[in-house]
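J.: Turn this into a structure:
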Amino acid sequence: MSELFPGFVKKTVVTKATTINLVTAGKGPPLLLLHGYPQTHVMWHIVAPRLAADFTVVAPDLRGYGDSSCPATTPDHFSYSKRATAQDMVEAMHSLGFERFYVAGHDRGARVTHRLALDHADRVEKAAVLDIAPTAKVFATVNQMVATAYYHWFFLIQPFDLPERLIGADPEYYIRKKLQAWSAGGVAFAPAAMAEYVRCFKKPEVIHASCEDYRAAASIDLEHDRADGGKKVACPLLALWGERGRVHSAYDVLAVWRERAVDVQGRALPSGHFLAEEAPDETWRELKSFFQD
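T.: Numbering: from 1, shown residues only. Sure, this is the predicted structure:
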């Protein structure tokens, strides 16, 4: 792990509901980096050290992923709602001495970023979302193309324990297949990073927690979205996405985010889904420019 994050310090932060594993380094304003499914904070291993030259970078594992703990599940799936996960991040940043911060999230981490910016507008100064359309938008616009690209959304939300058993039969095959399928041209992930993804995802409790993440997205997260009453993200928002990815094919990304935020900018990068690993130079430049502007 140290070779992936040179100069970073590994910490464990206890929040009210869980225990968060993270790494941190750098100087300057605090920047929270959130990972997606089925990865861990390690997805930032190329970009984070570069950003640490200008920001105090904090890269955690979300609850239920990596080496963070897996809270008990509840019938309403609240324990894996984006609201609960966003609260973890506020508490973790507070424990590190940061009351206001920048945040960039990829995939599931971008959905947590969206909820963070809505629930904790006083904490988030700027936000970046990488390669997603808003959750409610996806569910409201499902067609054959979207359903094919997002089939795992509908597989993972099936009741316990169907997806858990099927994934658990060969979790290493599953995660390698997913990462290959979502990248452009079968990008070669760093062997040390892939080993970490596999190590963490093979844990039965992580497989279950990640399914709960998606079950929450299809239930209580939508309830929270409806309860917002059309409230928009107030802080500046950067949307980045892969020009060879599924989001680019399915949505006018800037248009859908302008439905959800008042100040939106962004563009497509030359990659598939995994911007920070497929197009790290472009991702670093875009994030640095946006958060320093």
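
J.: When you work out contacts or count neighbours from here on, use the C-alpha atoms and nothing else.
T.: Noted.

J.: Can you read off the pLDDT for Ala147?
T.: With respect to pLDDT, Ala147 scores 94.

J.: hmm, I was thinking of Met1
T.: 58.

J.: buried stuff in the one helix or strand Phe154 maps to?
T.: Phe154 belongs to helix 151-156 when elements are defined using DSSP states H and E. The neighbour-count check on helix 151-156 (16 or more other C-alpha atoms under 10 Å) flags 153, 156 as buried.

J.: For that helix, output the C-alpha coordinates as PDB.
T.: Extracted C-alpha coordinates of helix 151-156, given in PDB (Å, rounded to 0.1, in the frame of the first residue of the first chain):
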ATOM      1  CA  TYR A 151     -27.800  -4.000 -15.600                       C
ATOM      2  CA  HIS A 152     -25.900  -4.500 -12.300                       C
ATOM      3  CA  TRP A 153     -28.200  -1.800 -10.700                       C
ATOM      4  CA  PHE A 154     -31.100  -4.200 -11.100                       C
ATOM      5  CA  PHE A 155     -29.100  -7.300 -10.200                       C
ATOM      6  CA  LEU A 156     -27.700  -6.000  -7.000                       C
END
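
J.: Would you map the strands across the stretch 1-150 of the chain?
T.: 9-14, 19-26, 30-34, 56-60, 101-106, 124-130 (DSSP state E, counting those that start in this stretch).

J.: among those, which is nearest Asp161?
T.: Across the strands of the stretch 1-150 of the chain, Asp161 has its closest neighbour in strand 19-26 (24.7 Å, C-alpha to C-alpha).

J.: all strands of the stretch 151-293 of the chain, in order?
T.: For the stretch 151-293 of the chain, applying DSSP E, counting those that start in this stretch gives strands covering 237-242, 264-269.

J.: Just put those in a markdown table and tack on mean pLDDT.
T.: Formatted as a markdown table, these follow (pLDDT from 0 to 100):
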| stretch | mean pLDDT |
| --- | --- |
| strand 237-242 | 98 |
| strand 264-269 | 98 |
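
J.: got a list of what Leu240 touches?
T.: Leu240 is in contact with 128-131, 266-269, counting by C-alpha atoms under 8 Å, 6 or more residues apart in numbering.

J.: redo that, cut-off 10 Å
T.: Leu240 makes contacts with 106, 128-132, 248, 253-254, 265-269, 275, 283, 286-287, as judged by C-alpha atoms under 10 Å, 6 or more residues apart in numbering.

J.: Need the nearest residue in space to Lys288, chain neighbours excluded.
T.: Leu51 (6.8 Å; C-alpha to C-alpha, 6 or more residues apart in numbering).

J.: I'd like to know how far the one you found sits from Pro29.
T.: For Leu51, the distance to Pro29 equals 11 Å [C-alpha to C-alpha, to the nearest Å].

J.: So for the two, which residues contact both of them?
T.: Shared contacts of Leu51 and Pro29, defined by C-alpha under 10 Å, 6+ apart, comprise Val57.

J.: Please identify which of these two sits among more neighbours.
T.: The neighbour comparison of Leu51 against Pro29 (other C-alpha atoms under 10 Å) goes to Leu51, with 21 against 16.

J.: pLDDT weak spots in the stretch 101-250 of the chain?
T.: 186 (pLDDT under 70).

J.: quick revisit: what helices and strands are in contact with the helix holding Phe154?
T.: Helices and strands touching helix 151-156, by 3 or more C-alpha pairs under 10 Å, 6 or more residues apart in numbering; DSSP states H and E, are helix 144-149, helix 162-168, helix 204-217.
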